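Visitor: Here is my input; please provide its structure:
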Amino acid sequence: MEVEMECAARSTKRSKVAPPATPPSGGVLVVGGDGSGDRAPSRSEEEEEGCRADRISDLPDAVLGEIISRLPIREGIRTRILAHRWHPLWPIAPLNLDCREISVGGLFNDGEIVHIETTSRVSVFTDERVRKCYFGTQRSRKSFADVASLPECIMSAHQCSVSRLSIPVCYLQCRPSIVDAWLQSWKLNNLQVLEFYYMFPEFVMQEVTPLHVWTSSRPSAPESVFRFSSSLHTLAFALCQIPDNYVGTLKLSLVKRLSLVEVDISDVSLQSMIHSSCPALESLLLVCSRGVGRITIESRNLVGDSLITVVSVPKLETLG
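Guide: Purely as a prediction, here's the structure:
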């Protein structure tokens, strides 16, 4: 009798730790060491949880495109490999192409000759200035020479509008037809930022015989800028010529930020450009190395002091 009671007690203990044959309601039952069991999430529940975690992918294409357009160009392109949902978004997102984010090797084609013209003093003992022209040839380390520069590849691959175009001003001289084609493209119909910025590639080293101070081979500002009067709010020129007849017909009523770095422009045209061509101007940057003593500009719209005085800078080393 005692043996039977002992066997019954052992049987009861075993029944407490034995899991049920099937889970109570779907999923997989996980049994703990103390015999307690919790149902693990099913596959459908795991997928649902994953979808809830990636809520950003549920946003509309327009919103995701705006996010991509605010990223540096390299990171924006990389979003195509995040997931299948993101792959088609970059080509149809607004493009902000700032070539300052691209290495020099990616900006020029192999064998391309680049000219840059600067102005400098004859010596430290005189205010007389001369123009100096430098040139150099891009030599790529790649095994293939007929590859297009990265900006060309980006502009060709992108299928949507361009909001910002910031390119080296030397493009106006070494590839004028390409720049003109970009500026005439429908992709730039709503362009908001256009910058031709100063850069001096390391391969541009050979100096040409200095030219007379008033003799210039600098490229002229492109006339295609005229067509952006209804959209452009930021404009920057550097190391180029802005003729009087150009300024006389230039009307950019929405431009609020203007930058002119070592441009060839007369004092009369400079005044006209600020007061007439860009009546909404709020921010102005002038850097000049001409032989003028002082330039004084008055404008009611400029943020801060209404009177801005820019003193000529004979030697430009940094831009900031």
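
Visitor: Can you tell me how far residue 286 is from residue 110?
Guide: 37 Å (CB to CB, to the nearest Å). All C-beta atoms are positioned from the backbone trio N, CA, C, and that covers glycine.

Visitor: okay, those two: which has more neighbours?
Guide: residue 286 (21 against 16; other CB atoms under 10 Å).

Visitor: Convert the C-alpha atoms of the helix or strand harbouring the more buried one to PDB, please.
Guide: Here residue 286, judged by DSSP states H and E, is contained in strand 283-287. Extracted as PDB, the C-alpha positions of strand 283-287 are listed here (Å, rounded to 0.1, in the frame of the first residue of the first chain):
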ATOM      1  CA  SER A 283      22.500  88.700 -48.200                       C
ATOM      2  CA  LEU A 284      25.500  89.900 -50.200                       C
ATOM      3  CA  LEU A 285      29.100  88.600 -50.400                       C
ATOM      4  CA  LEU A 286      31.700  90.600 -52.300                       C
ATOM      5  CA  VAL A 287      35.300  89.500 -52.600                       C
END
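
Visitor: Name the residues of it that are buried.
Guide: For strand 283-287, burial by neighbour count (16 or more other CB atoms under 10 Å) applies to 284, 286, 287.

Visitor: Rebuild those residues as a markdown table, extending it with distance to residue 66.
Guide: Listed next are those as a markdown table, based on distance: CB to CB, whole Å:
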| residue | distance to residue 66 |
| --- | --- |
| 284 | 29 |
| 286 | 33 |
| 287 | 33 |
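
Visitor: now the residues you listed as TSV including distance to residue 251 and pLDDT?
Guide: As requested, the buried residues of strand 283-287 are exported to TSV (distance: CB to CB, whole Å; pLDDT from 0 to 100):
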residue	distance to residue 251	pLDDT
284	17	88
286	21	86
287	24	83
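
Visitor: In terms of distance to residue 256, which of those ranks first?
Guide: residue 284 (9.9 Å; CB to CB).

Visitor: can you tell me which residues contact the residue lying closest to that closest one once chain neighbours are set aside?
Guide: With sequence-adjacent residues excluded and distances taken as CB to CB, 6 or more residues apart in numbering, residue 284 is closest to residue 258, at 5.4 Å. For residue 258, the contact set (CB atoms under 8 Å, 6 or more residues apart in numbering) comprises 234, 235, 236, 273, 274, 278, 281, 283, 284, 285.

Visitor: residue ranges with poor pLDDT in the protein?
Guide: Applying pLDDT under 70 to the chain flags residues 1-54, 119-131, 140-148, 206-216, 289-320.

Visitor: Show me how it divides into domains.
Guide: Domain assignment for the chain by automatic domain parsing gives 55-92, 94-311.

Visitor: Buried deepest among these, which one?
Guide: domain 94-311 (a mean of 16; mean count of other CB atoms under 10 Å).

Visitor: In this structure residue 183 contacts residue 224, no?
Guide: Yes - using CB atoms under 8 Å, residue 183 makes contact with residue 224 at a distance of 3.6 Å.

Visitor: which residues in the stretch 151-300 of the chain form strands?
Guide: All strands of the stretch 151-300 of the chain, identified by DSSP state E, counting those that start in this stretch, fall at 162-168, 193-197, 206-207, 234-238, 257-261, 283-287, 294-298.

Visitor: Distance to residue 178 for these - can I get that in TSV?
Guide: Formatted as TSV, these follow (distance: least, CB to CB, whole Å):
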stretch	distance to residue 178
strand 162-168	10
strand 193-197	13
strand 206-207	24
strand 234-238	18
strand 257-261	22
strand 283-287	27
strand 294-298	34
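
Visitor: Of those, which is nearest residue 156?
Guide: Using CB to CB, the strands of the stretch 151-300 of the chain put strand 162-168 closest to residue 156, at 12.2 Å.

Visitor: Show me what that closest one is packed against.
Guide: Packing contacts for strand 162-168, counted by 3 or more CB pairs under 8 Å, 6 or more residues apart in numbering; DSSP states H and E, involve strand 95-98, strand 193-197.

Visitor: closest one to residue 136 among those?
Guide: Closest to residue 136 of those is strand 193-197 (CB to CB; 18.2 Å).

Visitor: what does the closest one contact?
Guide: Strand 193-197 is contacted from outside by 96, 98-100, 163-169, 171-172, 221, 225, 228, 232-238, 240, 259, 261, using CB under 8 Å, 6+ apart.

Visitor: Stretch 224-231 too?
Guide: For stretch 224-231, contacts defined as CB under 8 Å, 6+ apart pick out 180, 183-184, 188-192, 194, 232, 235, 249-254.
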